[in-house]
Structure formats: structure tokens, C-alpha cells
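Student: sequence plus the predicted model coming up.
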Amino acid sequence: MTGSIAARLYWALEGPGTARARAAHALIVSLILVNVALLVLETEEGVADAHGALLDAFELFSVSVFAAEYAARLATCGADPRYGGRRSGRARFALTPMMLVDLAAILPFFLPFLAIDVRFLRLLRLFRLFTVFKLARYSEPLKTLGDVFSSKAGDLAVAFLIFFIVLVFASSLMYHAEHAAQPEAFSSILASMWWGVVTLSTIGYGDTYPVTDAGKVIGAAVAVLGLAVYAIPTGILASAFIEELRRKRESGNGGGSGGGGGTCPHCGGEIGGAGRG
């Protein structure tokens, strides 16, 4: 595959493309949605028996398209400066999150050729749901959400660490308050964590609850505290999402002077530059 053809194919798959590229993306998205819908329908009684041959044929077609798409991305990734010029570039590209999702979307098809317990095989075939994550590659809002999670990964890690600390502390208090009255429900701090999770998340299933006065006071305090604990990651994501939208809006407007259309986030080239001549 020549360099120019490989570059055009790569940027049609990975970057901002032409109307033909957008049509190809729309086809892939439609195929993903149909696959997810059929996966859901297969769980209905009698559907797999009545339409098994048709479902198998469509799965073969889908996997062929997804596999060809995966191979094309892998073969042409050298057009991207981030992955070209080095022997390890293709391997690093294959280990990117979206390429791993693409791989997970096609691997289950080949599992029947392996000597695996059928019950375990049926569980693994649920990985076909990974096809829905491929939508993030073609959806700008989903890409934005991914950028938000990536930029705030450290803050979110701290927020969930706080949640874990509060969970352990609350479960320990509840264990000591309720163990004597309910030795089965609160048999250990680890067992008490089930109560801690559903209380901090404000779900409150009601299958495990305090009966002592001290336990009720602790439970009420933890339930109120749960609102504050969950507000931390929510606030981080909300503010980060607004910041990311503002940044992209300003970046898009910044390239408007002189008739420019901005730069490609991947290759650094101009998108829709000023008219020639």
C-alpha cells in the first residue's frame, strides 16, 4: 500500500474526513447498533432457534467488516506522526484504548474454534457488547466525554479514594454497633461494606439495615454523608465538561480569521484552509 493511499485511508478512518468518509462512518455505526439490537433479541425465547441461520450469517458479515476495519487501521497507522517512523509504533497503536475495544469486538467470534467450556463460552460472548463502545470513535460528544475523563483522571482517582476511605470507616463503625444485635448481617467489616455501599450511594435496598440506636444514628449520618461524597466526582465531571466544550468552541473559532478552518488534532495540518489563488 503506497504512502499516499495509506494516509488517505488512515485519516478517513481516524480523522476528519470527506463526505465519503462520513458515509463509511455512518455505515459502521449502523452496523454496531444492529449488532447490539440482535444481541438483545437473541436472549428472547425462540428467536435464536427460529432465526439461527440468519443471525449467524449476519454475525459473520459484521465480524468481517469489523475485522477489515481493524486491519486497515493497523496497516495504515504509520501515516500518523505519533505512530510512524518507529518499529514499536504499530504495537503502541494496537494498545490504544479504542483499538483494544475494536479487538474485543471481533475476538468472541473466533472463540467457538477454541476448546472452551460451552457455559464459559456463552459468558465470554457477552463481550460482543464491546461493539457499542466503538461508537465513541464516531461520536464527537462521546469523544468529548472521553477527553473529560482523561483530563480529570487524577481528580477522579482522589474522589474515589475519598469514597473508599469513607466506606471503610462507615462499615467499621456499623460493624461494631450492629454485630452483637445482627451477627449474620454484620458478621465482619467486609460484610458490612455491602450496607456501606448501598447507603453511601443512597440506593438503600433495605435488605440490611441497623436496628440498634447507635446503628441508626450512624446510618443516618452516613446516608447524609453519601450525598456529599457523590457530589465530588459529579462536580468534577460537570465543570470539566463545561471547560472542554468552551475550549473546543474557542479552538474552533480561533481558526476562523483569514478563512482558515483550524488544524487537524492528529496531523497538525490545516482543515478547510483559505481559498487558493
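Tutor: Right, received. Where do you want to start? Numbers count the residues shown, from 1 in each chain.

Student: report the helix or strand with the lowest average pLDDT across the protein.
Tutor: The weakest-scoring helix or strand in the chain, judged by mean pLDDT, DSSP states H and E, is helix 118-124 (a mean of 49).

Student: so after that one, what's the next helix or strand?
Tutor: In the C-terminal direction, the helix or strand that comes right after helix 118-124 (DSSP states H and E) is helix 140-151.

Student: give me the mean pLDDT for that next one.
Tutor: Per-residue confidence for helix 140-151 averages out to 77 on the pLDDT scale.

Student: residues in contact with L41?
Tutor: When contacts are counted by C-beta atoms under 8 Å, 6 or more residues apart in numbering, L41 is found next to V47. For the C-beta atoms, the positions are set from N, CA and C on the backbone; glycine is no exception.

Student: check the one 10 residues further on too.
Tutor: Under the criterion of C-beta under 8 Å, 6+ apart, the contact list for H51 is empty.

Student: distance of it from E42?
Tutor: Relative to E42, H51 is positioned 9 Å away (criterion: C-beta to C-beta, to the nearest Å).

Student: likewise for I232?
Tutor: Taken as C-beta to C-beta, the spacing of I232 relative to E42 amounts to 40 Å.

Student: F110 too?
Tutor: When distances are taken as C-beta to C-beta, F110 and E42 turn out to be 18 Å apart.

Student: comparing the two, which shows the higher neighbour count?
Tutor: When neighbours are counted by other C-beta atoms under 10 Å, E42 comes out ahead of the other of F110 and E42, with 15 against 10.

Student: these two touch, right, the more buried one and A48?
Tutor: Yes. With contact defined as C-beta atoms under 8 Å, E42 and A48 form a contacting pair (5.1 Å).

Student: from the contact counts, what lies against the lengthiest helix in the chain?
Tutor: Counting residues, the longest helix found in the chain (DSSP state H) is helix 213-254. Helices and strands in packing contact with helix 213-254 are listed as helix 140-151, helix 153-178, helix 189-200; criterion 3 or more C-beta pairs under 8 Å, 6 or more residues apart in numbering; DSSP states H and E.

Student: okay, now the domains of the chain?
Tutor: The record assigns the chain these domain ranges, following automatic domain parsing: 3-138, 153-259.

Student: now the shortest one, how far from the chain's geometric center?
Tutor: Offset of domain 153-259 from its chain centre (C-alpha atoms, centre = their mean, to the nearest Å): 21 Å.

Student: can you check stretch 79-92 too?
Tutor: Distance of stretch 79-92 from its chain centroid, counting by C-alpha atoms, centre = their mean, is 24 Å.

Student: distance between the ends of that stretch?
Tutor: Across its full length, stretch 79-92 reaches 14 Å between end residues, using C-alpha to C-alpha, to the nearest Å.

Student: give me the buried positions along it.
Tutor: A79, D80, Y83, G84, G89, R90 (16 or more other C-beta atoms under 10 Å).

Student: now S188: how far from F58?
Tutor: 49 Å.

Student: please apply the same query to G215.
Tutor: On the measure of C-beta to C-beta, G215 and F58 end up 55 Å apart.
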